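Visitor: Coordinates for the following, if possible.
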Amino acid sequence: MSTIEAAELAEARRLLSAVEATFSSRIAGQEQVRTALITTLLAEGHLLLESVPGLAKTLAASTLAHSVSADFARIQCTPDLLPSDIIGTQLYDPRTHEFDTQLGPVHANIVLLDEVNRASAKTQSAMLEAMQERQTSIAGVVHPLPEPFMVLATQNPVEEEGTYVLPEAQMDRFLLKEVVDYPSLTDEIAVLDRVAAGTLGPHAKDVHPVLTTEDVVRLQRLTERVYVDAAIRDYIVRLVHATRHVGEVLGPDQGRYVELGASPRGSIAFFQVARALAVQAGRNHVIPEDVRRLRYGVLRHRLHLSFEALADRVRPEEIIDAVFDAVPSP
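Guide: Down below sits the predicted model:
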């Protein structure tokens, strides 16, 4: 693996600063969401966002897509949505007596899968297969998905009637899961100011692209070259291992709250996320803070809490913090 030069890091920092500025010009606050989106894009992963409606999830996804000149598609999930509505199908043309392949909206660079828990299990499975394999198959013909490719899935935690909860094994395929909270008073006032100024709303001007998709792919290849020391790798593995043996690490009182810990996908996620954060910070190597920074996003959907935890209203973030406090940092 070649060493990343200072000039490459400076160029990456310049490009990412332009994306961050564009994002902030459209969306007030939500720095955690912005970091999660850019990190997921650099790490070639997928992001799951959980929040009540109206917190700019769609706007965040479309702003990121347009700022990097990417094709953007939004899929509104409903119980009657079919796999072919997502991946595409073949239509018969009576004029030529042949079947034409119509690619579905998943064949875009950035796909917003809105309220994924409202889609049926069969449709969820088709989408998650496309996410994992980065290709679709229509009538036996394989169609690769474009580069870059990222799925941003959302789910509403308060309306669960008529929904299909994502199984733990499927949620594990998302690199990060972020929980979006209400904006602060200052941020919400800023939203109204932008609506009044015409920079936000149905008549607002489109986002001006600041990167190309080729720039994004180049940044992704740069992220793969970030150096991760053996001590950092050991730290990541020990953290994930601790989530599987919470009783031994934290004691039986907290151990009874976790039924299943993170799989090796958790270790891979920490590894990829840490490298992406290092690039955003302008470094060619990972430090322990890169591992800790998005720990909730990496682990909150990979810990299967017990019924006792739900009864005692124990949040996964409490267990995650306890594990990080217990495992020595290099």
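Visitor: Packing partners of the host helix or strand of residue 13?
Guide: In the assignment (DSSP states H and E), residue 13 maps to helix 6-26. In terms of contacts (3 or more Cβ pairs under 8 Å, 6 or more residues apart in numbering; DSSP states H and E), helix 6-26 is packed against helix 31-42, helix 57-67, helix 213-223, helix 264-280. No exception for glycine: its C-beta is placed from N, CA and C like everyone else's.
Visitor: Can you name the secondary structure element that comes next after the third one?
Guide: Yep, that's helix 213-223 we're talking about. Scanning forward in sequence from helix 213-223 by DSSP H and E, the next helix or strand is helix 230-244.
Visitor: Go through that next one and flag the buried ones.
Guide: For helix 230-244, the neighbour count (16 or more other Cβ atoms under 10 Å) marks 232, 233, 235, 236, 238, 239, 240, 241, 242, 243 as buried.
Visitor: if I look at the third one, how far off is residue 110?
Guide: Using Cβ to Cβ, to the nearest Å, residue 235 is found at 32 Å from residue 110.
Visitor: Next: the fourth one.
Guide: In this structure, residue 236 lies at 28 Å from residue 110, with Cβ to Cβ as the measure.
Visitor: ok so, going back, need the buried residues of helix 230-244 in CSV with pLDDT and distance to residue 97, can you?
Guide: Formatted as CSV, the buried residues of helix 230-244 follow (pLDDT from 0 to 100; distance: Cβ to Cβ, whole Å):
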residue, pLDDT, distance to residue 97
232, 96, 61
233, 96, 58
235, 96, 63
236, 96, 57
238, 95, 63
239, 95, 60
240, 95, 56
241, 94, 60
242, 93, 63
243, 93, 58
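Visitor: The residue nearest to residue 29 when sequence neighbours are not counted: neighbour count?
Guide: Nearest residue to residue 29, sequence neighbours excluded (Cβ to Cβ, 6 or more residues apart in numbering): residue 187, at 3.5 Å. Residue 187 has 14 neighbours, counted by other Cβ atoms under 10 Å.
Visitor: May I have the residues that are in contact with residue 187?
Guide: Neighbouring residues of residue 187 by Cβ atoms under 8 Å, 6 or more residues apart in numbering: 28, 29, 30.
Visitor: relative to helix 31-42, how tilted is the helix or strand hosting it?
Guide: Assigned by DSSP H and E, residue 187 belongs to helix 185-197. Put simply, helix 185-197 runs at 80 degrees to helix 31-42, going by axes from the mean of the first three to the mean of the last three Cα atoms, to 10 degrees.
Visitor: what comes up buried for helix 185-197?
Guide: 190, 191, 194.
Visitor: Please render the residues you listed as a markdown table that adds distance to residue 72 and pLDDT to the earlier fields.
Guide: Conversion of the buried residues of helix 185-197 to a markdown table gives the following (distance: Cβ to Cβ, whole Å; pLDDT from 0 to 100):
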| residue | distance to residue 72 | pLDDT |
| --- | --- | --- |
| 190 | 24 | 86 |
| 191 | 22 | 84 |
| 194 | 21 | 82 |
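Visitor: Now residue 181, what are its backbone angles?
Guide: With angles defined as degrees, to the nearest 10, residue 181 sits at phi -100, psi 170.
Visitor: distance of the residue nearest to it when sequence neighbours are not counted from residue 99?
Guide: Nearest residue to residue 181 in three dimensions, chain neighbours excluded: residue 51, at 7.3 Å (Cβ to Cβ, 6+ apart). Distance from residue 51 to residue 99, counting by Cβ to Cβ: 41 Å.
Visitor: Settle it for me: which of the two has more neighbours?
Guide: When residue 51 and residue 99 are compared for neighbours, residue 51 comes out ahead with 19 against 13, by other Cβ under 10 Å.
Visitor: Next, the contact list for that one, please.
Guide: 57, 154, 156, 157, 179, 180, 181.
Visitor: got a pLDDT number for it?
Guide: Per-residue pLDDT puts residue 51 at 83.
Visitor: Also the one 3 residues further on?
Guide: What the model reports as pLDDT for residue 54 is 76.
Visitor: Could you chop this structure up by domain?
Guide: The record's domain parsing of the chain by automatic domain parsing lists 30-182, 226-326.
Visitor: Of those, which is nearest residue 3?
Guide: Closest to residue 3 of the domains of the chain is domain 226-326 (Cβ to Cβ; 6.8 Å).
Visitor: so residue 119 sits right up against residue 80, yeah?
Guide: No - judged on Cβ atoms under 8 Å, residue 119 makes no contact with residue 80 at a distance of 9.3 Å.
Visitor: So if I had to pick from the two, which one is more boxed in?
Guide: Relative neighbour count places residue 119 above the other of residue 119 and residue 80, with 29 against 10, counting by other Cβ under 10 Å.
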